[in-house]
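Chemist: sequence below, structure please.
(2 chains, ligands or ions: 2)
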Amino acid sequence: MVKAILRFVACCRTAGYRVSTSEVLDCISQLELVDLLDEAGFRAVLRANFAKSRREQAHFDQLYHLFFHELRQDISLDELDPLSDKMDKVLEKLQEKANGNRSHRAILDFLSGNPLAFLEMMRRIQTEQIDMGQGRKFNLGPLSSRLEVMVQLNDVRDEIDRFLSDNPLHFAAGTRRDLASRFNEQLENAFALLLREPRPHNDGLRQVKTHDQYLRQLGERPFTSLTQKELEQMREIIDKLVRKLKDVVSRRYATNKRGILDVKKTLRRADRYQGVPMEIRFRKRPPRKGKIVTLCDISSSVWAAARFMLNILYSLQECFTKVNSFVFVSGLAEVTDIFETEEINHAIEKVLKEVAIDYQAPTDYGETLRHFKRDYMDLLNKKTTLIIIGDARSNYFHPEDRILGEMREKCRRLIWLNPEPEQIWNTGDSEMFSYKPHCHELRQCRNLNQLIDFVEELIL
Amino acid sequence: MKFKDVEDVQEKLQKAEYITSREIATVVFLASATGKPILVEGPAGVGKTELAKAVARSLGLQLIRLQCYEGLDESKALYEWEYAKQLLYTQMVREKIGDVISGAHTLAEAVDRIASQEDAFFSERFIQPRPLLQAISSEETVVLLIDEVDKSDPEFEAFLLELLSDFQVSIPEIGTKKAKNIPFVVLTSNNYRDMSDALKRRCIHIYIDYPERELEMRIVTLKIPGITDRLATSLVDAVRNIRELDLKKRPCISETLDWARSLLALQVEDLTPDVLVTTLNMICKYKTDSDMVKVNAANLVNQAR
Ligand SMILES: Nc1ncnc2c1ncn2[C@@H]1O[C@H](COP(=O)(O)OP(=O)(O)O)[C@@H](O)[C@H]1O
Ligand SMILES: [Mg+2]
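Modeler: Ligands and ions are numbered 1, 2, ... in the order given. Just a heads-up that it's a prediction; the model follows:
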């Protein structure tokens, strides 16, 4: 059993799934405590030790199923396969004739119950860095590698069929049919691995779709369709909102948080009572809510919403330890300074006029994420809330959703605000589908009511 | 006091009015046999907190609960010096202090003398133990529930990790305290943020989802003895249908139970769409959610014909 677990762990690690040595040891010692003939119990022990969060469970389940059910091997939890020996014979023959192609060899190994090379290949395809050479920015790198493997899978299937029909004397007709169908099953499993990239379970995702009606009419008007007059009204409303929020925050801290004893003040105060500390003084905690990093898509449709959000966030700046802001089209520009030095409305104008960013370039979220990873990853830590506001429309460039996953791991919370109506997310070139599994929270944000809803939750 | 095997866990928990799936019972058993903490994840209201309470009840152990929140620190979780009490004592023993320093020739000497008495003021007498210290200093094994750990700050998580690895704390003025009995630790998380790898490595993990239909039926009939099978069935089915809707907050087990209780109180025998609409406030906390349920009421109730 220990050997089987170790092989399974090797298989997990090859597929890019992290398992630590201490977890392996824990698991092996716990297996002694349960009835190994009961698969549910066996699986529960493995899962409790190897998948330590809901997010990991999807990938774990896939590997578990592959290893203990789909692969043919001595420790398969299903009935032992009576065809096993015969399959090995066929594979031996094919291996003798095999060409040098790596994927081809990996597939044959996979069929004989050793998935490591194949899994390694899958992981390479999934994490493939795109080659920044000419014009290969599109999502083609991984796609063409996948195609190549598909071709090899088909080749192997043909070879097996050919072998079986060319050597009718090796096996009885019935056995031949069974063999063909067992091999086919295995090849289908390999196909499935190739196609289904594991996406983490994201049940923790807070997807906010409804909102309170703070304001009628103006509150429901899409940001994109405001008239000049409404814009001004909007500013007043936001000012009022900001004042109210600040009020609530400071009142809450005044009553709620007594803070810790301030020895100096208490003793100073004690002088009034002949040195008796009658009045105990407390030191108040500063009411800060961690760091904020915002990435704003500055293409015109999104900017309409983003500017209001920046307006509110910077008006509430004192509630946070720090607010770092970036705008992007294809690549990022930091605008924190502008917002810290200029009056809000000036700052917003200035961003559009003065920031060195190529507005003509097609929006490219993948490039933006790469740029962030290269230069700004240090901004993220477990105290940072990362807010991305954008429609995720990326002109079919590589979405680099893995980088977003890395960013999620670094920060406290990742919140995505999408200013498009939800019905059209995932249509056309929107990559919302790829990004969603990595978000902690996902909201539609196209009018003031929705924005207020969001900000209130963020601050309070 | 431990569980014998997985079946024993299921039986004892059921006696403590908690119904578990076999997978959960297995993890509870492993935790009790190995002394490792359990990290329980899942949506709100699926019985994460209750699991810890039920374990305590079923083993007859004391439950010590630490509720986590943003800004929770060691002084609230572990111990706090009772400054006020210390100050009060200094006043009360003022004359004694006079005695101690009488005859001191220099200020420095007086200070030294007071300092040598310092231990008297930094002793356990002036410590206010908080849940974690209580759990560690308990004479008996306890169940330590660290509830909603995802709400705490990363610094606190790091501190917790240290505590969970050796179950000892050092209080500089007093010394190191080591747990006599390793507590049965349950951490719960609503997934507000991801926990660190180090913390996860220290625990065994269980995800509790909304219960399977059959499990929820058993919970309802266990907790609401008066309910007919028929009503329980249609109620559970309706709740399950409502969970499928796109709601701000999906109804959880406690809402199923509250709803069942109020239907009994109203002496409802059959669940109809009308009944659903009039008792809606038991299931939906938000107005937008109630509106959505109202509109779909007819489809949500499987009417037995
Ligand atoms: N498996 C169960 N068996 C019995 N009652 C349960 C079960 N799960 C949940 N409940 C009931 O649901 C209520 C809510 O559970 P709670 O532990 O507070 O949820 P959570 O901590 O996951 O948010 C509990 O008070 C309990 O009455
Ligand atoms: Mg709870």
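Chemist: tell me the pLDDT at residue B:190?
Modeler: What the model reports for residue B:190 is a pLDDT of 90.
Chemist: list the contacts for it?
Modeler: Listed by Cβ atoms under 8 Å, 6 or more residues apart in numbering or on different chains, the contact set of residue B:190 reads A:204, B:41, B:42, B:43, B:44, B:148, B:150, B:151. All C-beta atoms are positioned from the backbone trio N, CA, C, and that covers glycine.
Chemist: quick one: residues contacting the third one.
Modeler: Residues in contact with residue B:42 (Cβ under 8 Å, 6+ apart) are A:54, B:48, B:190, B:207, B:208, B:209.
Chemist: if we go to 7 Å?
Modeler: B:48, B:207, B:208, B:209 (Cβ atoms under 7 Å, 6 or more residues apart in numbering or on different chains).
Chemist: where does residue A:45 fall, secondary structure wise?
Modeler: For residue A:45, the host element (DSSP states H and E) is helix A:39-50.
Chemist: shaky segments in the chain?
Modeler: Unless you meant another one, I'm taking chain A. Per-residue confidence of chain A (counting by pLDDT under 70) places the weak regions at A:72-81, A:128-142, A:197-198, A:210, A:252-261, A:271, A:274-275, A:277-278, A:282-288.
Chemist: chain B, not that one
Modeler: B:1, B:118, B:120-122, B:303-305.
Chemist: of all residues in it, which one is closest to chain A?
Modeler: residue B:191 (3.0 Å; Cβ to the nearest Cβ).
Chemist: for ligand 1, give me its nearest residue in the stretch 51-200 of chain A.
Modeler: Residue of the stretch 51-200 of chain A nearest ligand 1, by Cβ to the nearest ligand atom: residue A:54 (13.4 Å).
Chemist: ok, that residue - contacts?
Modeler: Applying Cβ under 7 Å, 6+ apart, one finds that residue A:54 lies in contact with A:201, A:203, A:204, B:41, B:191, B:207.
Chemist: could you do residue B:205 as well?
Modeler: Residue B:205 is in contact with A:48, A:51, A:52, A:53, B:39, counting by Cβ under 7 Å, 6+ apart.
Chemist: okay, these in JSON lines with distance to residue A:91 next?
Modeler: Shown next, in JSON lines, are those (distance: Cβ to Cβ, whole Å):
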{"residue": "A:48", "distance to residue A:91": "36"}
{"residue": "A:51", "distance to residue A:91": "32"}
{"residue": "A:52", "distance to residue A:91": "37"}
{"residue": "A:53", "distance to residue A:91": "38"}
{"residue": "B:39", "distance to residue A:91": "43"}
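Chemist: hang on, the earlier thing: contacts for the helix holding residue A:45, please.
Modeler: Taking contacts as Cβ under 7 Å, 6+ apart, the residues outside helix A:39-50 that touch it are A:12, A:19, A:23, A:26-27, A:30-31, A:34-36, A:60, A:64, A:77, B:6, B:22-23, B:26-27, B:30, B:204-206.
Chemist: quick one, strands of chain A?
Modeler: A:206-208, A:260-261, A:282-283, A:291-297, A:322-328, A:332-334, A:384-389, A:413-418, A:441-444 (DSSP state E).
Chemist: turn those into TSV, columns for distance to chain B and mean neighbour count.
Modeler: Shown next, in TSV, are the strands of chain A (distance: least, Cβ to the nearest Cβ, whole Å; neighbours: other Cβ atoms under 10 Å in any protein chain shown):
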stretch	distance to chain B	mean neighbour count
strand A:206-208	7	16
strand A:260-261	5	17
strand A:282-283	10	14
strand A:291-297	12	23
strand A:322-328	16	21
strand A:332-334	24	18
strand A:384-389	10	24
strand A:413-418	6	24
strand A:441-444	10	21
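Chemist: near chain B, which residues of the stretch 1-150 of chain A? Just list them.
Modeler: Those residues of the stretch 1-150 of chain A that sit near chain B, judged by Cβ under 7 Å from any Cβ of the partner chain, are A:20, A:22-23, A:30, A:33-34, A:40-41, A:44-45, A:48-49, A:51-54, A:57.
Chemist: let's go with 8 Å and repeat that
Modeler: Residues of the stretch 1-150 of chain A lying close to chain B by Cβ under 8 Å from any Cβ of the partner chain are A:18, A:20, A:22-23, A:26, A:29-30, A:33-35, A:40-41, A:44-45, A:47-49, A:51-55, A:57.
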